[in-house]
Structures are given as C-alpha cells and as structure tokens.
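In: quick one: sequence and predicted model below, then my questions.
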Amino acid sequence: MEEDKNKYSLEEEIRQAVQKFERMKRNNEKYFFDVIEFESIIDYYIESNNSLKAFEAATLATQQHPNSVSIQIRKARVLLDKGRAVEALRILKKLENIEPGNHEIYITKGTALGILGDVQGAMKIFDHALTLDSEETGNILFSVVSVLQNLNYYEHLIPYLLRLIDMEPNYKAHLYDLAYAYEKVEKYNESIFYYLKYLEEEPFSDSAWYNLGIIYNRTEMYDKALEAYDYTLAINGLNTFAIFNKANVLSTLEKYTEAIPVYKEYLDNEPDSVEAMTYLAECYEKTDKIELAKKYFHEAIEVAPDYADAWFGLGVIEYNAGNADDSLIYFRKTVRLDDENPEYWYLLGKAHYIKGELKAALSCFRESLKLDAYYNEVWIDLGKMILREKLTSRAIPYLEHAYRVTGNLPGLNYLLALFYLHDGNRQKALRHLSMGIEIDKELLEEFKDVFPLYLSSRKINRLLRKEKLI
C-alpha cells in the first residue's frame, strides 16, 4: 500500500513538473526548475516520443544546470533521438572524464556508436559498462539488450540476453525476446526451443504461438504450423494474420478445399485484400471451379487494376483451357505490369509457342532465364522446343556464349550435352554432362525423355551407370 502511495506521489510530481514546463512555454515566460524536475520532464518527453519538446527541455536544462552530469546524459539521449549521434558523442566523451564510473554514460555512448554502425565498438563500450557496478548488472544488461533490440542488432544481443536470463530466470519475457532474436537471425531450431519454453510458462500468448507458426512454416513443418495457428486463433480469433497464414499453409499442402473457407474468413475481415482474393481464386482454379476462380481474379483486378498476379491467374485459366489467344492477352498485360517475374515470361513464351510464334517464344524464355538462371522448367522446355524445331546446330553457339557469361548452370550444361550428342560431338557432350551431374544430378531425370541414349558413347553410358542414372 505504501509502495502504491509513493508511486502515485511520484507520478503526480512528474505531472506537475511537465504542466509547469508547458505553462512556461505557452506563456513565453522563464521559470526555474531543479535538476530532478528537469530529469522528469526530459524523461517524460523521451518516453512519449516527443523529441521536439524533449530537446527544448534538455536545452533549457543545460543552460540552468550546465554542470549536471545527469542532465548532460539526457541531452545526449535527446540528440540520439534526433539522429545527431556525433554531437551526442562529443558530450559523452567529456562526461567520461568527469564521472568515469557512471555506467549510464557508457550505455548512451554505446548507443551512439551503434547508431553510427560501429556495433563492435558499441559492444566494447557495453562490456566496459558491465564492469562498473556489480549491483546494477541486471539493469545494465537490460539496457544493453533494449538498445540492441531497437537497433535491430539481434545477433549481438543474444549473448547479453542469455546472461540476463541466467540472472533473472523467473522473468518470462526474456525467453520470448530470446526466441524472437534467434528467429531474426534465422536460427530456427533455437527459436523454436525458446518459444516452446516461453509457452510452457505463458500458454495463452497468441503472439508466441503465431511466431512459432511462422517458423514452422519457414522450416516446412507445415502440420505443426497449422497447429500453432489454430492455437493462436483459439486464444485470439481476431488475429487476421494467423487466419491468412493458415490458409496459405493449407494451400501449400494442396488442401485447396480446406483453404477456401479460411481465405473467405480472412476476406470477411479484410475485404480489400487482393492477395487473399487471388489466392482464393487459385484454390478454386485448382479444384476446377473455374467460374468462381475467374470471379475472384476479376474482383482483385477491380480493387487493384495493376495487380499482376490476378491478370496472370486469368491467363493461366485460358492457357489450361487451350485458349492461346486469350491467354496471350492476359500474359502480355502481366509482364507489362511486372517484367521481373520469371514465371510470367515463361508462361508467355509457352503461349507464343502454342501459337507457332517461335521467335517470340524464345525471346520470352531468354527473359525468364535472365531473371532466374536456375529456372529448370525453362531449360527443359527450351531443349524440347529446339529439338522439335531441329535447331540444335544453330542453338549451340548461343548456348556456349550463355555458358561463358553465366558459368556452370546445371540446366545449361544438360542442354549443351544434349545438343552436342545430336551434333555428333560426344567429347563435348560428356564434358557438359559431367558438369551438370556434378552440380545437380537429380535434374537429369527431367531431361530423360529427351536425352538420346542411342547416341551416347561408352564413356557417357559408363558415367550414367556410375551415377545410377540408367
């Protein structure tokens, strides 16, 4: 009870000090404030993210109390909030000589170095701060962790946070922060471990279950991701991100019928989400409900006419239905809206080829491979197209040029091996086949139906038998 009284008294003193400062500014008058009042005022504005008033208070405070170290530290913090780290460092270097044992100076200095990108220098200063006051080690560690979190230096904060957990094992929030830090540096096993440890203590944390679902999804543990999202939604049914992610996982697992109502639920909450409309349309397309697929693709276009994925989806529907002319209209629109997606160029090329427009098809395939040189489906279809058109001899110089530019790509090596066999140059065919197998042995399986074993040499057959590919 006494503690509550003291807390209320302190809050009242801060409120009165702030009101007095604002009254002074409003009336354009000059009042005197003692150091404690100024500390409260500056801290209040810093915590309120009001950097302008914090700077005004710090400037007046340093005029009235030029020798106060605590005021100077706060002025340095205000300068940091305004992005003026170099000026803050000048103040802090002077303060080091006045109070070399004051850990707050070093925490603020480390923050300044971190803002300037010198994270190693910052950590050196933080480590020095931790040697200054053994009774304040926990608070210093907490400050260091907070600074590194704010600066997104997650990898560097982990050792400090581990020390803090050892000191304060009952403070459960540290486990969450550690799990999140491991997540940010993509150490997913460690992140899962600490999220689960945190959830043992706080089983109704929807944010922890949600983050866990994201990690399970990234690590392709889809069943566990679904379970995590279900827990999230059981705790907080309004977490629309969890609804959307759950639908995406179901779609990834090709459980399109199950994904459809989940996408609809998301759209009930976010009716203008063109992504959800498009993904829902794709689910309908995969379950052969073509009219519903078209309906949602068109709805997405109505909301966002420049959303390329929706135009692409309509193109795919027409392409699969054998309507090459209509698919070309949609695919051309797609690449006009987004010319950096290799899949768009690939399907546009296939549509051109169906129309007998070989030159346009090859041009589109080339654009696709420029964007993703490892797009194996393009290499495979390119090979089939060139064989079908009997263009192997003409294609080899272009592919050799591409090889000199791009280097050892598995698809390119397999194509060169294939074409050299057709051209009668078994030695070069063996060379490129060997390199293709070395980089990606499994990909040869995709070329098997066009790979002319009847043209192979004994060396090629020996290599394929050795690799258990024939």
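Out: Yes, it's here.
In: return the helix or strand in this protein with minimum mean pLDDT.
Out: Ranking every helix and strand in the chain by mean pLDDT, DSSP states H and E puts helix 2-27 at the bottom, with a mean of 74.
In: buried sites along the helix or strand just after that helix?
Out: Downstream of helix 2-27, the next assigned helix or strand under DSSP states H and E is helix 35-47. For helix 35-47, a neighbour-count test (16 or more other CB atoms under 10 Å) marks Glu37, Phe38, Glu39, Ser40, Ile41, Ile42, Tyr44, Tyr45, Ile46 as buried. For glycine as for every other residue, the C-beta is placed from the backbone atoms N, C-alpha and C.
In: show the model's pLDDT score for the fourth one.
Out: The one in question is Ser40. If you check Ser40, the pLDDT there is 90.
In: so how far is Asn150 from the nearest residue to it once chain neighbours are set aside?
Out: Residue nearest to Ser40 in three dimensions, not counting chain neighbours: Ile14, with 4.5 Å by CB to CB, 6 or more residues apart in numbering. With distances taken as CB to CB, to the nearest Å, Ile14 is found 23 Å from Asn150.
In: neighbour count: the two, which is higher?
Out: Taking other CB atoms under 10 Å, Ile14 and Asn150 do not tie; Ile14 has more neighbours (17 against 12).
In: what distance do you get for that one to Leu60?
Out: Ile14 is 17 Å from Leu60, where distance means CB to CB.
In: Ser273 too?
Out: Ser273 is 49 Å from Leu60, by CB to CB.
In: who's in contact with the residue nearest to Ser40?
Out: Ser40, Ile41, Tyr44 (CB atoms under 8 Å, 6 or more residues apart in numbering).
In: who's in contact with Lys20?
Out: Tyr31, Phe33, Glu37.
In: ok, so of those, who is nearest Thr219?
Out: Nearest to Thr219 among the contacts of Lys20 is Glu37, at 53.2 Å by CB to CB.
In: residues near Ala300, how many?
Out: Neighbours of Ala300 under the rule other CB under 10 Å: 26.
In: separation between the residue positioned nearest the centre of the chain and Ala300?
Out: Against the mean C-alpha coordinate of the chain, by CA atoms, centre = their mean, the closest residue is Lys184 at 8.8 Å. In this view, Lys184 and Ala300 are 32 Å apart by CB to CB.
In: kindly report the same for Leu371.
Out: Distance from Leu371 to Ala300, counting by CB to CB: 24 Å.
In: likewise for Lys20?
Out: Noted for Lys20: a distance of 56 Å to Ala300, by CB to CB.
In: repeat for Tyr188
Out: 32 Å.
In: same question for stretch 103-122: list its buried residues.
Out: For stretch 103-122, by 16+ other CB under 10 Å, it's 103-115, 119, 122.
In: next one: stretch 57-69
Out: Those would be Ala57, Ala58, Leu60, Ala61, Thr62, His65, Ser68, Val69, for stretch 57-69 by 16+ other CB under 10 Å.
In: could you do stretch 286-301 as well?
Out: Lys289, Leu292, Ala293, Lys294, Tyr296, Phe297, Glu299, Ala300, Ile301.
In: and which of the residues you listed is nearest to Phe126?
Out: Of all the buried residues of stretch 286-301, Ala300 has the smallest distance to Phe126: 49.2 Å, by CB to CB.
In: remind me what the host helix or strand of the closest one packs against, helices and strands.
Out: Ala300 belongs to helix 290-303 when assigned by DSSP H and E. The elements that helix 290-303 packs onto, with contact taken as 3 or more CB pairs under 8 Å, 6 or more residues apart in numbering; DSSP states H and E, are helix 274-286, helix 308-320.
In: residues making contact with it?
Out: 272, 274, 277-278, 280-282, 284-285, 307, 309-311, 313-314, 317, 321.
In: which positions within the one helix or strand Gln427 maps to qualify as buried?
Out: Applying DSSP H and E as the criterion places Gln427 in helix 426-439. Under the neighbour-count criterion of 16+ other CB under 10 Å, helix 426-439 has Arg426, Lys428, Ala429, Leu430, His432, Leu433, Ser434, Met435, Gly436, Ile437, Ile439 buried.
In: CA-only coordinates of the helix or strand that comes right after it in PDB, if you can.
Out: Reading on from helix 426-439 to the C-terminus, the next helix or strand found by DSSP H and E is helix 444-447. C-alpha atoms of helix 444-447 as PDB (Å, rounded to 0.1, in the frame of the first residue of the first chain):
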ATOM      1  CA  LEU A 444      19.000 -35.100 -65.300                       C
ATOM      2  CA  GLU A 445      15.800 -37.100 -64.500                       C
ATOM      3  CA  GLU A 446      13.800 -34.200 -66.000                       C
ATOM      4  CA  PHE A 447      15.700 -34.500 -69.300                       C
END
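In: what is the mean pLDDT for helix 444-447?
Out: 81.
In: got the angle between the helix or strand that that helix is followed by and helix 426-439?
Out: Going down the chain from helix 444-447, the next helix or strand is helix 458-466, by DSSP H and E. Helix 458-466 runs at 20 degrees relative to helix 426-439, counting by axes from the mean of the first three to the mean of the last three CA atoms, to 10 degrees.
In: helices or strands up against helix 458-466?
Out: Counting contacts by 3+ CB pairs under 8 Å, 6+ apart, helix 458-466 packs against helix 426-439.
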